[in-house]
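> sequence-free structure coming up:
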């Protein structure tokens, strides 16, 4: 199966996962980015901001074994990793029965991850860093593609901060903006459409994309990445050598999800994700603004636009949104709701781009939208 075919398959799954998420598309897309990169994601935000819902939807679309747990100060390791096998214990051997627990998961979500005990966090380090579970006489490789940790705030304890550093990508979420409240209320009232993708079909595509990402040609983008890291550090954003090196994995994953075996300037939009706080992520976007103008990604359109604020990414997202609307109509006249969405997309195109700056694809889409809106 070709790189382009796998990228299209995952793009479809991402689109299904995003459906019905209001202002949380970024979480869904970055979970997929991290799964392909082989990295982990930390999501910081208040309770009730749909962090777990976004991850759960991605897991449903990609398939595979999913593990989710809310940690507390009194959570025992056996609640996460599995209980001691009593039959083996009678023989004097301490083995862990991991069926249905984190060591057998392919996608995991750990809420309030920093409330875990020292025993839990130390074991998690091996799972996250080395993809290895060790407890008692049990030692095995885990199939984990991505772990998403969530918390209300970043930890202040320096020992927990060191653990948090194992999550390369970070997202900071706020309650849905007032301007989108009606959309949130409408979507929240409706039931989610069922997925047309059979569970379990797409992890193989993710794995092939992961293998392709390891072989991505980084030659052309590496000087730009070096410039970006120097700028971020010069702006006072603390980035360890480890985070700087591993940022390349996010860039390579972005490239293959866009169907390309060669990384380019278009993939630098991932860099704000590695900044450690919400404030430094804003600063990273501002510091790298000129390097991010060409950012785009056909599979992760919302993330590329949100993290770069660049015109190429905005055009990519508008092209996809408009094309989806035209496909939805499929030659039929627009009903009132669809007409409003067509008008909103057209207004956004006209507000965001001068006519002379429209790409051929966006200009063609604009003409088609106008035609649909004609009486």
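Great, that's in hand. Values in this document were obtained by computation on a predicted structure and should not be read as measured data. Numbers count the residues shown, from 1 in each chain.
> Check which helices and strands the longest helix belonging to the chain sits against.
Determined from DSSP state H, the single longest helix within the chain is helix 311-329. On a contact count with 3 or more Cβ pairs under 8 Å, 6 or more residues apart in numbering; DSSP states H and E, helix 311-329 meets helix 301-308, helix 336-352, helix 360-373. The C-beta positions use only the backbone N, C-alpha and C, and glycine is treated the same way.
> Show me which parts of that helix are buried, residue by residue.
311-322, 325-326 (16 or more other Cβ atoms under 10 Å).
> Could you do stretch 342-361 as well?
342, 345-346, 349, 353, 358.
> Of all these, the one with the weakest confidence?
On pLDDT alone, residue 342 ranks lowest of the buried residues of stretch 342-361, at 85.
> so what's it up against?
Contacts for residue 342 were tallied using Cβ atoms under 8 Å, 6 or more residues apart in numbering; they are 322, 325, 334, 369, 372-373.
> repeat that with 7 Å
325, 334, 369, 372-373 (Cβ atoms under 7 Å, 6 or more residues apart in numbering).
> Could you check the angle the longest helix of the chain makes with helix 360-373?
Going by axes from the mean of the first three to the mean of the last three Cα atoms, to 10 degrees, helix 311-329 is angled at 40 degrees with respect to helix 360-373.
> buried ones in stretch 9-19?
9-18.
> Which residues does it contact?
So stretch 9-19 is contacted by 25, 28-29, 32, 57-58, 61-62, 193, 195, 197, 202, 205-206, 209, 257, 298-300 (Cβ under 7 Å, 6+ apart).
> re the thing from before, now the buried residues of stretch 9-19 as a markdown table including secondary structure?
Putting these into a markdown table (DSSP: H, G, I helix; E, B strand; the rest coil) gives the following:
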| residue | secondary structure |
| --- | --- |
| 9 | helix |
| 10 | helix |
| 11 | helix |
| 12 | helix |
| 13 | helix |
| 14 | helix |
| 15 | helix |
| 16 | helix |
| 17 | helix |
| 18 | helix |
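> which one of the residues you listed sits closest to residue 234?
Taking Cβ to Cβ as the measure, residue 234 sits nearest to residue 14 out of the buried residues of stretch 9-19, at 34.3 Å.
> Quick one: low-confidence residue ranges for this protein.
1, 89, 92, 187, 189, 191-200, 375 (pLDDT under 70).
> in it, which spans are strands?
Secondary structure of the chain, counting by DSSP state E: strands at 41-44, 66-70, 107-111, 132-135, 138-141, 146-151, 169-172.
> Derive a PyMOL selection command for the buried subset of the contacts of stretch 9-19.
Buried residues within those, by 16+ other Cβ under 10 Å, are selected in PyMOL with:
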select buried, resi 25+28+29+32+57+58+61+62+195+197+202+205+206+209+257+298+299+300
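> out of the buried residues of helix 311-329, who's nearest residue 188?
residue 321 (21.0 Å).
> Quick check: closest non-adjacent residue to that closest one.
Nearest residue to residue 321, sequence neighbours excluded (Cβ to Cβ, 6 or more residues apart in numbering): residue 345, at 5.6 Å.
> Tell me how far stretch 365-375 lies from the chain's centre.
Here stretch 365-375 is found 33 Å from its chain centre; the criterion is Cα atoms, centre = their mean, to the nearest Å.
> Distance across stretch 269-288, terminal residue to terminal residue?
9 Å (Cα to Cα, to the nearest Å).
> An error on my part: the question was meant for stretch 296-312.
6 Å.
> For residue 238, give its distance to residue 79.
Separation of residue 238 from residue 79 (Cβ to Cβ, to the nearest Å) stands at 34 Å.
> Please say which of these two ends up with more neighbours.
residue 79 (16 against 11; other Cβ atoms under 10 Å).
> need the contact list for that one.
Per Cβ under 7 Å, 6+ apart, neighbours of residue 79: residue 69.
> Give me the neighbour count for the residue nearest to residue 246 when sequence neighbours are not counted.
Of all residues not flanking residue 246 in the chain, residue 168 sits nearest, at 5.3 Å (Cβ to Cβ, 6+ apart). Neighbourhood size, residue 168 [other Cβ under 10 Å]: 21.
> ok, residue 168 to residue 135 distance?
Residue 168 is 25 Å from residue 135, by Cβ to Cβ.
> Give me the number of neighbouring residues for residue 186.
Burial of residue 186 is recorded as 12 neighbouring residues (other Cβ under 10 Å).
> Please report how far it lies from residue 102.
Residue 186 is 36 Å from residue 102, by Cβ to Cβ.
> my guess is residue 26 meets residue 171, correct?
Yes: assessed by Cβ atoms under 7 Å, residue 26 is found in contact with residue 171 at 6.0 Å.
> neighbour count winner among those two?
The neighbour comparison of residue 26 against residue 171 (other Cβ under 10 Å) goes to residue 171, with 26 against 22.
> so what's the more buried one bridging to?
Beta bridges link residue 171 to residue 43 when assigned by DSSP bridges.
> so it touches residue 28, yeah?
No: in this structure, residue 171 is not within contact of residue 28 by Cβ under 7 Å, at 10.5 Å.
> returning to what we had before: OK, contacts around the residue nearest to residue 321?
Contacts of residue 345 (Cβ under 7 Å, 6+ apart): 318, 321-322, 325, 369.
> can you tell me which of the residues you listed lies nearest to residue 43?
Closest to residue 43, out of all of the contacts of residue 345 and judged by Cβ to Cβ, is residue 321, at 24.5 Å.
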